[in-house]
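Novice: quick one: sequence and predicted model below, then my questions.
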Amino acid sequence: MKKTTQIIITVLAAIAAAIGILKITPTVLVPGKELGTLELFLNMEDNQNDLKIVERRLDYAGLKYSLKPIGLSGAHLTIESIPREQQVNRILTDNISMDVWEIAPYTQYVDLKDTTDDFNKTVHSIFTVYDYEELSGTYSAIGCASLEDTSLVGMAFREVYDNIIPLNIKYVWKMDPFSEDLWELYPLLVQRNGNPPLSINEYLLKAETEGYADSDSYSFAELKLILSPQGGKIFSSLTQDNLAKYLAFTVNNEVWDTYFVEQAQDNGEILFSCANNSGKYDVQTISAILNGGKTGGEVSIIEQEYTPHPSSRAIWRDIRSIGVLCLLVMLLLYCLYSLAITAIGKVDNGRVIFWILCTLFVLISTVMFATSIPNANLNMMQLVTAIMLVIATIAFCFKSTAGWYLMTSYWILLILTAISVTYLDRLLFTQLLGLIAIAVPVIAMLISVKIRKEVFCIDKSPGKIAGIIAVVILSLFICTGVLGGIIAGILNFNQ
């Protein structure tokens with residue numbers, strides 16, 4: 001009974017340690033949002049006026065900055081504590097024209113599903129037509145196409161449907177937030193004078209952003225547009241005429257997002273949730289540019305330099321996480337060791353350690369391989385590294401001498417690579433510590449006498465072992481590059 005209770009407690013402790021490792025590892029190995037100082041030199045055609053506009057835009061963006069004029073048309077800008085990926089360049093250089101449009105009824109395009117028509121056959125070869133009945137009228141785009149085919153599709157629609165549909169239609173594209181190569185086509189209703197029903201720039205009093213909800217792959221935000229009384233009346237009329245329909249918001253002649261009208265809006269405010277990474281501009285950039293106003297002349301960036309600086313608070317937080325991770329890894333290894341000793345017996349400690357290592361390598365290689373496949377086009381080295389680990393794991397589990405050399409060399413090469421990367425980017429220092437916390441116990445068990453001699457029967461001098469490992473590391477390094485090139489070529493060929 002006492003032995004059974006001990007086994008149950010050990011299993012529960014192992015499960016708890018494994019869950020803790022899965023929770024903490026992403027926060028340690030995945031770099032946090034990088035902050036740094038951005039220094040820019042600007043050229044302004046209308047220096048006196050544009051300098052004030054740029055200042056207003058930066059104020060509305062909530063940035064900490066220093067802006068000093070240089071001569072008649074230049075300026076020196078320094079922005080502190082800013083993420084590398086923030087769209088500062090667009091805030092400085094771009095002007096935005098935001099308009100609201102009515103969308104033409106999708107029912108006028110249902111004949112596109114008839115593939116016996118010659119025009120439809122041509123369109124279907126480069127354009128995916130949405131099924132209106134399947135979508136139950138909840139969508140307002142006609143279909144989608146790749147970026148390279150958008151001009152051909154737009155030309156075809158203008159030539160054919162402008163003669164058939166007795167409405168003034170303007171075909172405008174919208175970039176898919178998940179893929180810059182996929183674009184959706186929207187038919188917008190144009191007034192007789194060719195203008196949109198409502199120009200946000202003309203009637204905007206203030207733009208506000210709030211409600212960010214970030215995730216690993218997507219980001220949402222809320223944008224509130226406060227209009228003047230006259231603009232509020234125009235928008236109220238638009239919503240009254242388009243109940244249970246969509247309105248399209250365009251930015252610089254591209255559909256930025258759509259707005260579903262549930263009820264008439266009479267308060268002069270437009271509030272809608274949207275994908276923050278939808279199109280070229282995020283919500284904060286649009287708000288800053290609209291509030292700051294349009295520049296009188298062209299503003300261009302002559303030179304810019306980004307200097308990252310790690311946050312001491314973030315470093316200490318990561319170090320604490322690494323400490324907890326080390327304790328959890330040691331607890332998991334101890335639990336696995338105790339369970340293996342109970343099942344196999346204390347006589348063969350080498351066999352126990354071997355099966356613990358096999359279990360860890362199979363789990364790590366499976367997770368790495370599964371997570372690298374979806375991002376193969378974006379991160380080829382991650383896929384190649386996973387493949388090399390799978391090969392080393394298979395050879396190791398079959399107690400091959402080459403498997404021991406491969407696995408030992410793999411973990412040493414992993415640490416050497418991490419050290420090299422950390423030398424180039426100091427912000428990855430805490431991630432290096434996290435890797436060392438995992439790799440050092442693994443390497444220690446691999447080179448232990450119980451594994452090296454008793455399991456793999458490797459009884460060479462330390463000098464010979466180090467020499468062979470050095471050769472294998474060099475071979476792995478070369479093979480990784482060659483294999484990465486081959487896989488990249490195959491993926492590009494298939495595309």
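Specialist: Good, I have the coordinates. Numbers count the residues shown, from 1 in each chain.
Novice: kindly state the pLDDT recorded for Glu269?
Specialist: Glu269 carries a pLDDT score of 88 in this model.
Novice: and it, how many neighbours?
Specialist: 15 (other Cβ atoms under 10 Å). All C-beta spots, glycine's among them, are computed from the backbone N, C-alpha and C.
Novice: likewise Val324?
Specialist: Applying other Cβ under 10 Å, we find 16 residues neighbouring Val324.
Novice: give the contact list for the residue nearest to it when sequence neighbours are not counted.
Specialist: Leaving aside its chain neighbours, Val324 sits nearest to Ile24 (6.0 Å; criterion: Cβ to Cβ, 6 or more residues apart in numbering). By Cβ atoms under 8 Å, 6 or more residues apart in numbering, the contact list for Ile24 reads 321, 324-325, 328.
Novice: look up phi and psi at Lys245.
Specialist: In this entry, Lys245 is assigned phi and psi values of phi -130, psi 180 (degrees, to the nearest 10).
Novice: looking at it, it is touching Tyr259, isn't it?
Specialist: No: Lys245 is beyond contact range of Tyr259, at 9.7 Å (criterion: Cβ atoms under 8 Å).
Novice: more neighbours: which of the two?
Specialist: For Lys245 and Tyr259, the more surrounded residue by other Cβ under 10 Å is Tyr259, and the numbers stand at 21 against 16.
Novice: looking at this, that one is in a strand?
Specialist: Yes: assessed by DSSP: H, G, I helix; E, B strand; the rest coil, Tyr259 belongs to a strand.
Novice: gap between it and Val472?
Specialist: 60 Å (Cβ to Cβ, to the nearest Å).
Novice: now do Asn168
Specialist: In terms of Cβ to Cβ, Asn168 sits 70 Å off from Val472.
Novice: could you do Asp99 as well?
Specialist: 63 Å.
Novice: same check on Val384?
Specialist: On the measure of Cβ to Cβ, Val384 and Val472 end up 16 Å apart.
Novice: again with Asp59
Specialist: From Asp59 to Val472 the distance is 58 Å (Cβ to Cβ).
Novice: so for these two, which sits in the more crowded spot?
Specialist: Between Asp59 and Val472, counting by other Cβ under 10 Å, Val472 is the more crowded of the two (20 against 13).
Novice: now the more buried one: how far from Leu357?
Specialist: Counting by Cβ to Cβ, the gap from Val472 to Leu357 is 18 Å.
Novice: ok, Lys450 touching Leu357?
Specialist: No: in this structure Lys450 lies outside contact range of Leu357 using Cβ under 8 Å: 10.7 Å.
Novice: settle it for me: which of those two has more neighbours?
Specialist: Using other Cβ under 10 Å, the more surrounded residue of Lys450 and Leu357 is Leu357, with 21 against 15.
Novice: which residues does the more buried one contact?
Specialist: Contacts of Leu357 (Cβ under 8 Å, 6+ apart): 396, 442, 445-446, 451.
Novice: which of those residues ranks first by neighbour count?
Specialist: Neighbour-wise, those (other Cβ under 10 Å) top out at Phe396, 26 neighbours.
Novice: what's the strand or helix carrying it packed up against?
Specialist: According to DSSP states H and E, Phe396 maps onto helix 380-397. Other helices and strands packing on helix 380-397, by 3 or more Cβ pairs under 8 Å, 6 or more residues apart in numbering; DSSP states H and E, are helix 349-372, helix 401-424, helix 462-494.
Novice: who touches stretch 75-85?
Specialist: 33-42, 44, 47, 51, 54, 58, 63-70, 88, 92, 306, 308.
Novice: flag every buried residue along it.
Specialist: Residues of stretch 75-85 classed as buried under the neighbour-count rule (16 or more other Cβ atoms under 10 Å) are 75, 77, 79, 82.
Novice: and the helix or strand in which the last one is found, which strands flank it?
Specialist: Mapping Ile82 onto the secondary structure by DSSP H and E places it in strand 74-83. Strand 74-83 has its sheet partners listed here by DSSP bridges as strand 35-44 (antiparallel), strand 64-70 (antiparallel).
Novice: now the angle from whichever strand or helix holds Thr4 to helix 349-372?
Specialist: Assigned by DSSP H and E, Thr4 belongs to helix 2-29. Angle, helix 2-29 to helix 349-372, by axes from the mean of the first three to the mean of the last three Cα atoms, to 10 degrees: 40 degrees.
Novice: so how far is helix 2-29 from its chain's centroid?
Specialist: In terms of Cα atoms, centre = their mean, to the nearest Å, the centre of helix 2-29 is set 31 Å apart from its chain centre.
Novice: then stretch 444-464?
Specialist: Using Cα atoms, centre = their mean, the offset of stretch 444-464 from its chain centre is 43 Å.
Novice: got the buried residues for it?
Specialist: Buried residues in stretch 444-464 (16+ other Cβ under 10 Å): 445-447, 451-452, 454-456, 458.
Novice: can I see the domain layout of this structure?
Specialist: 2-30+310-494, 35-93, 98-292 (automatic domain parsing).
Novice: nearest to Glu298, of those domains?
Specialist: domain 35-93 (5.1 Å; Cβ to Cβ).
Novice: same question for that closest one, mean pLDDT?
Specialist: 85.
Novice: start to end distance for it?
Specialist: 22 Å (Cα to Cα, to the nearest Å).
Novice: where are the low-confidence patches of the stretch 51-200 of the chain?
Specialist: Applying pLDDT under 70 to the stretch 51-200 of the chain picks out residues 84-86, 107-122, 132-139, 159-167, 192-194.
Novice: going along the chain, name the strands of it.
Specialist: Under the criterion DSSP state E, counting those that start in this stretch, the stretch 51-200 of the chain contains strands at 64-70, 74-83, 98-103, 128-129, 143-146, 169-176, 179-189, 198-199.
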